[in-house]
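Novice: Here is my input, please return the structure:
(2 chains)
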Amino acid sequence: MEVAIEVENLTKKFGKLLAVDSLNLTINKGEVFGFLGPNGSGKTTAIRMLCGILEPTSGNGMVGGFDVMKEPEKIKCNIGYMSQKFSLYTDLTIQENLDFYSSLYGVVGKGARERKKDVLELVGLSRRVKQLAGNLSGGLKQRLALACALVHRPKILFLDEPTAGMDPVARRILWDLLFKLAGEGVCLFITTHYMDEAERCVKVAYVYYGKLLLSGRPEQMKQEEIAKTGHRIEVMCTPLVKGMMSLRGLPELEEVTIFGEALHVKMNSHTVQWIYQDHGHDFAVAAKRAYLMSSIKDKLERDNVVVRSVTSVFPTLEDIFVSFTRAEDAKREGQQIQKFD
Amino acid sequence: MFKNLLSMILKEFVHLRRDFVTLVLAFALPLVEVFLFGHGISGEARYIPLAVYDEDATVSSRSLVEMFENSSFFKIKSYTSDVTELHDYLTKGEVKAALHIPKDYSESLAVDKPTRVQLVIDGINPQFSVPAVSTAGSIEQYKNSEMVTKYLPLSNRGEPGQNLEVAPIVLYNPEMDVATSNFVISGLLALILTQSAIVLSSIALVRERERGTFEQLIVTPVGKFTVLVGKMVPYIVISFFNGVFVVALCVFYFGLPFRGSPWLLAAESILFLAPVLGMGLLISTFSKTQLQAIMIALFAILVPIFTTGFVWAFETMPLPIQLIGYIFPMTYFLTICRFIMFKGVGISYFWQENIALGILAVIFVVISLLRFKKRVD
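Specialist: Numbers count the residues shown, from 1 in each chain, chains lettered A, B, ... in the order given. Predicted coordinates:
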């Protein structure tokens, strides 16, 4: 596997604020990398440093084979970047925007016309070339931005919340496009808030307060999460809220939340210990889990809630991120208290 | 690189074409201003720089020179003992008036014979030439009556004498047209060029920042120089056409003389635009919003009006004001265009001004380049 992006201890400080704290990442060619985190967690700052438009405070790394600290201009030749906000010229037409950017990237001469036609075809804007960019819908604007970011055949494509504010159909179209590009060997670095988008990535990383809390392949993360906190239990019941209140009274559980039409249940650490670790035998684990599930059902029925099903499911990425965020918050609070002592 | 630059320039032109209101304003405002200024301004100067050639060099001739100095309209800048040098001072613009006292001055007066003192006045700026002529007249009158009481025997005293004649000659602008002050109108070219160039260029960069297009622009490998120069060229073109309109109005509507080469003035205008646009770009690198940029640009237009000799002659201003004037390209360009229009002289008379403009252009563009980073903050 060829490495596309590799950074070590990449750090950015704005005055006293630590926007990105010692970021370590390795992303291979052709991978779809999801960069996740709440608002203000430093995602955009990190992406800007990787693109060479924001100077890191410290750290080192390579993007597309060039040094982040020393060769930002060389990096720029090999990457495409789509910023969070639409940042093409609204008073220029689709064709004019594309012509301008292709020329800045040095895509000129014979192949240029062909290439521009191809990218317009790819994003489905061939028939609107004379339309002003400002008059396009959100989804089409993003597709134009993608076309401009792709015109020079970059090896790495950075997309900062490309689907924010898009309708579901437009989102689907854009993601299909992105997977097509990944199939052609382009490395995609995507930030997003949407968990369903995160699940589509080959690799994800989660940042919180500028710090990388975890990274890896979603499947692997889920296995590790199960080892630590067990499976989640999904309960279909009516009425939902009453069910939630009822289960919150059960001492074996740590968390009960509504997830669509079901309750999503996380057990507490004692229960996890009891089920998974005391006797590591598969049969024993399954039996203990079944016991817990039946006690959940009993409790609900005692409280006059109609239970349709109780199943054991894998934790979602959201579950994992939430539990890591909680742990980090607890750690930070602890530090605060220590400071006051 | 060239292809990059070309598309940068073309892109700026497209912006201008789509922004019709700005484009109209860019051309219409200067014309309105020419009319307003042309019909409204006149002023008066003091301490006109004077060169003196006192061939007589006697107590009596020196007292005449003193009178000029004490009038507070003149300030003696240099003495010479050579007619050609005296003339040189005037053509080079180092002084605005030259006084020549003939060799037989005191002798003629002593024997009650007429004598003629020559005052040559540079008429480009009527604020100088008008008071200079009238002061010469008063001095002549005063000296004549003084001579009656001083030199002539009591018996002959009666009416004031007529022996001394201070003859003023006004060069370059003999009509001394004050009503439509040629002096101010001749400076309009400098003002209009400054105005259209600095306002348009000062928002050039900051507009990209404010619209959020800056980030996408700097994530490309395009060079800093290409961005800055590409943004300047369209404004050079627009400002240049404005300049042509202004000069045409000055000559054909206000009837200003145009004695020099129009091609030279065109070339000098473009040279002048370089530091002005550089200044605009510098403003653009400092500003966070377009509004901010325009406020600073406004300042950069107003200050030179008062400090560069646009309305009041530069030479008569106090030193601190002159020092401020030196950093504005307009100071030098005003001299250049007045020399070309009124004196009809060539580049050899204002090469220092050309060098000054060149230096300012380099300074402003280099600082802009240093300040302009392909980074977001």
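
Novice: any idea how far A:Arg172 lies from A:Arg217?
Specialist: 23 Å (CB to CB, to the nearest Å). Where C-beta positions appear, they are placed from N, C-alpha and C, glycine not excepted.

Novice: For stretch A:274-283, buried residues please.
Specialist: Buried positions in stretch A:274-283, judged by neighbour count with 16 or more other CB atoms under 10 Å in any protein chain shown: A:274-276.

Novice: cool, and stretch B:100-120?
Specialist: Within stretch B:100-120, the residues that count as buried by 16+ other CB under 10 Å are B:100-102, B:105-106, B:108-109, B:115, B:117-120.

Novice: ok, which of the residues you listed also contact chain A?
Specialist: Among these, no residue lies close to chain A (CB under 8 Å from any CB of the partner chain).

Novice: If we only consider these, which is nearest to A:Leu181?
Specialist: Minimum distance to A:Leu181 across these is 80.1 Å, recorded for B:Val120 (CB to CB).

Novice: Considering the buried residues of stretch B:100-120, which is situated nearest to chain A?
Specialist: B:Val120 (57.9 Å; CB to the nearest CB).

Novice: Give me the secondary structure label for the closest one.
Specialist: Following DSSP: H, G, I helix; E, B strand; the rest coil, B:Val120 is assigned to strand.

Novice: Only C-alpha atoms, please: export the longest helix along chain A in PDB.
Specialist: Looking across chain A with DSSP state H, the single longest helix is helix A:317-340. What follows is helix A:317-340, C-alpha atoms only, in PDB (Å, rounded to 0.1, in the frame of the first residue of the first chain):
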ATOM      1  CA  LEU A 317     -20.000   4.400  15.100                       C
ATOM      2  CA  GLU A 318     -22.100   7.000  16.900                       C
ATOM      3  CA  ASP A 319     -22.200   4.800  20.000                       C
ATOM      4  CA  ILE A 320     -18.500   4.500  19.900                       C
ATOM      5  CA  PHE A 321     -17.900   8.200  19.400                       C
ATOM      6  CA  VAL A 322     -20.400   9.100  22.100                       C
ATOM      7  CA  SER A 323     -18.700   6.800  24.600                       C
ATOM      8  CA  PHE A 324     -15.200   8.200  23.800                       C
ATOM      9  CA  THR A 325     -16.500  11.700  24.000                       C
ATOM     10  CA  ARG A 326     -18.000  10.900  27.500                       C
ATOM     11  CA  ALA A 327     -14.800   9.400  28.700                       C
ATOM     12  CA  GLU A 328     -12.800  12.400  27.400                       C
ATOM     13  CA  ASP A 329     -15.200  14.800  29.100                       C
ATOM     14  CA  ALA A 330     -14.900  12.900  32.400                       C
ATOM     15  CA  LYS A 331     -11.100  13.100  32.100                       C
ATOM     16  CA  ARG A 332     -11.200  16.800  31.400                       C
ATOM     17  CA  GLU A 333     -13.500  17.400  34.400                       C
ATOM     18  CA  GLY A 334     -11.100  15.400  36.500                       C
ATOM     19  CA  GLN A 335      -8.300  17.600  35.400                       C
ATOM     20  CA  GLN A 336     -10.300  20.700  36.200                       C
ATOM     21  CA  ILE A 337     -11.000  19.500  39.700                       C
ATOM     22  CA  GLN A 338      -7.400  18.600  40.200                       C
ATOM     23  CA  LYS A 339      -6.500  22.200  39.200                       C
ATOM     24  CA  PHE A 340      -8.800  23.600  41.800                       C
END
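
Novice: and stretch A:84-98, anywhere near chain B?
Specialist: Yes. Stretch A:84-98 comes into contact with chain B (CB under 8 Å from any CB), by way of A:85-92, A:96.

Novice: Flag every residue of chain B that's near chain A.
Specialist: B:3-4, B:6-8, B:10-11, B:14-15, B:18-19, B:211-222, B:374-376.

Novice: Which ones among those residues lie within helices?
Specialist: Counting by DSSP H, the residues of chain B next to chain A place B:3-4, B:6-8, B:10-11, B:14-15, B:18, B:211, B:214-218 in helices.

Novice: which of these sit farthest apart?
Specialist: The span of these, defined through CB to CB, is set by B:Lys3 and B:Arg211 at 24.3 Å.

Novice: Pick out whichever of these two has more residues nearby.
Specialist: With neighbours defined as other CB atoms under 10 Å in any protein chain shown, B:Lys3 and B:Arg211 compare such that B:Arg211 has more, 16 against 13.

Novice: hang on, isn't that one packed against A:Thr90?
Specialist: Yes. B:Arg211 is within contact range of A:Thr90, at 7.4 Å (criterion: CB atoms under 8 Å).

Novice: since we're on B:Phe225, how many residues are nearby?
Specialist: Neighbour number of B:Phe225 under other CB under 10 Å is 14.

Novice: and it, what helix or strand is that in?
Specialist: Under the criterion of DSSP states H and E, B:Phe225 resides in helix B:224-248.

Novice: ditto for B:Ile355
Specialist: helix B:351-371.

Novice: Send me that helix as PDB with only the CA atoms.
Specialist: The C-alpha coordinates for helix B:351-371 follow below in PDB (Å, rounded to 0.1, in the frame of the first residue of the first chain):
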ATOM      1  CA  TRP B 351      13.500  62.300 -14.700                       C
ATOM      2  CA  GLN B 352      13.900  62.700 -10.900                       C
ATOM      3  CA  GLU B 353      10.100  62.400 -10.600                       C
ATOM      4  CA  ASN B 354      10.100  59.300 -12.800                       C
ATOM      5  CA  ILE B 355      12.700  57.700 -10.600                       C
ATOM      6  CA  ALA B 356      10.600  58.600  -7.500                       C
ATOM      7  CA  LEU B 357       7.500  57.000  -9.100                       C
ATOM      8  CA  GLY B 358       9.500  53.900  -9.900                       C
ATOM      9  CA  ILE B 359      10.900  53.600  -6.400                       C
ATOM     10  CA  LEU B 360       7.400  54.100  -4.900                       C
ATOM     11  CA  ALA B 361       6.000  51.400  -7.200                       C
ATOM     12  CA  VAL B 362       8.700  48.900  -6.200                       C
ATOM     13  CA  ILE B 363       8.200  49.700  -2.500                       C
ATOM     14  CA  PHE B 364       4.400  49.300  -2.600                       C
ATOM     15  CA  VAL B 365       4.400  46.200  -4.700                       C
ATOM     16  CA  VAL B 366       7.200  44.500  -2.700                       C
ATOM     17  CA  ILE B 367       5.500  45.200   0.600                       C
ATOM     18  CA  SER B 368       2.200  43.900  -0.900                       C
ATOM     19  CA  LEU B 369       4.000  40.800  -2.100                       C
ATOM     20  CA  LEU B 370       5.500  40.300   1.400                       C
ATOM     21  CA  ARG B 371       2.300  40.900   3.200                       C
END
